[in-house]
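*Asks:* Structure of the sequence below:
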Amino acid sequence: INVRSAPKRASSSAIAAPMPRDPPVTMACWPARGLALEELLSLGWAIRFMHSQGIASVYYFKYKIYRYKISTLKMGKNTMSLEILQPPGWARPKGYANGVAAEGRLVFIAGQIGWNPQTGAFETDDMAGQVRQALANICEVLAQAGGRAEHLTRLTWYVTDKQAYLADPKGIGDAYRSVVGRHFPVMAVVAVDGLIEDRARVEIEATAVVPFDGDAR
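*Replies:* Numbering: from 1, shown residues only. Okay, the predicted model is just below:
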């Protein structure tokens, strides 16, 4: 709708709320469990929606938006909700989230190891190198469900060498960001005596939530 011709009370199915001097921006309806525009405005929020590769970004100044399950909003049918769970007073985790709540299509990915999935051959024995390959394998499986790295909600790592894992945080961090970016879901790391494949130094199992009717491929 054109905000200049809109009625005073916006409908729930089409909301336009640009800030002054911004061009009109139209957004699809809020998720079913989200807050209505009137409720947001009644809290005294400043709301601004912008198009960025199909994403509607929400800028605010009063409350942290993840408390209201609307931190991620996609345009049209590909709507999902992602909430980061961080209890008040807890130290903020580095490189992972304490909890995530999400709505969408659940995708479960079996443990992936750091080998070439087409040949079944390991191309490196380096911990960071195997982490990069295992994460790339996860993302390739996730893509078959129309998902991307930012849809990951849980990663469980099994490492065969705790000391090697702890000794190279930069290398492992660089490997992670090269595949997943700066998206940090819920994680757990477990030290184990060994994995089924003798050369495997890490195995990573994943869960993701993909927007309904989304096809990110």
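*Asks:* Could you use CA atoms for every contact and neighbour count after this?
*Replies:* Fine.
*Asks:* Assign residue 124 to helix, strand or coil.
*Replies:* Assigned state for residue 124: coil (three-state reduction, DSSP: H, G, I helix; E, B strand; the rest coil).
*Asks:* Contacts only, for it.
*Replies:* Remark: with contacts taken as CA atoms under 8 Å, 6 or more residues apart in numbering, residue 124 is in contact with residue 130.
*Asks:* what packs against the top helix by length along the chain?
*Replies:* Secondary structure of the chain per DSSP state H: the longest helix is helix 127-143. Under the contact criterion of 3 or more CA pairs under 8 Å, 6 or more residues apart in numbering; DSSP states H and E, the helices and strands touching helix 127-143 comprise strand 105-113, helix 169-180, strand 202-210.
*Asks:* What about the closest residue to residue 136 other than its chain neighbours, how many residues nearby?
*Replies:* In this structure, residue 136 finds its nearest non-sequential neighbour in residue 179, 6.2 Å apart by CA to CA, 6 or more residues apart in numbering. The number of residues packed around residue 179, counting by other CA atoms under 10 Å, is 19.
*Asks:* what sits against residue 179?
*Replies:* Here residue 179 is in contact with 132, 135-136, 149 (criterion: CA under 8 Å, 6+ apart).
*Asks:* what's the closest of those residues to residue 196?
*Replies:* Nearest to residue 196 among the contacts of residue 179, counting by CA to CA, is residue 135 at 18.2 Å.
*Asks:* wait, the closest one sits on residue 206?
*Replies:* No: taking contacts as CA atoms under 8 Å, residue 135 lies outside contact range of residue 206: 9.3 Å.
*Asks:* the strands in this structure, which residues?
*Replies:* 15-16, 26-27, 49-52, 55-58, 81-84, 100-103, 105-113, 152-159, 186-191, 202-210 (DSSP state E).
*Asks:* That concludes my questions; thank you for your assistance.
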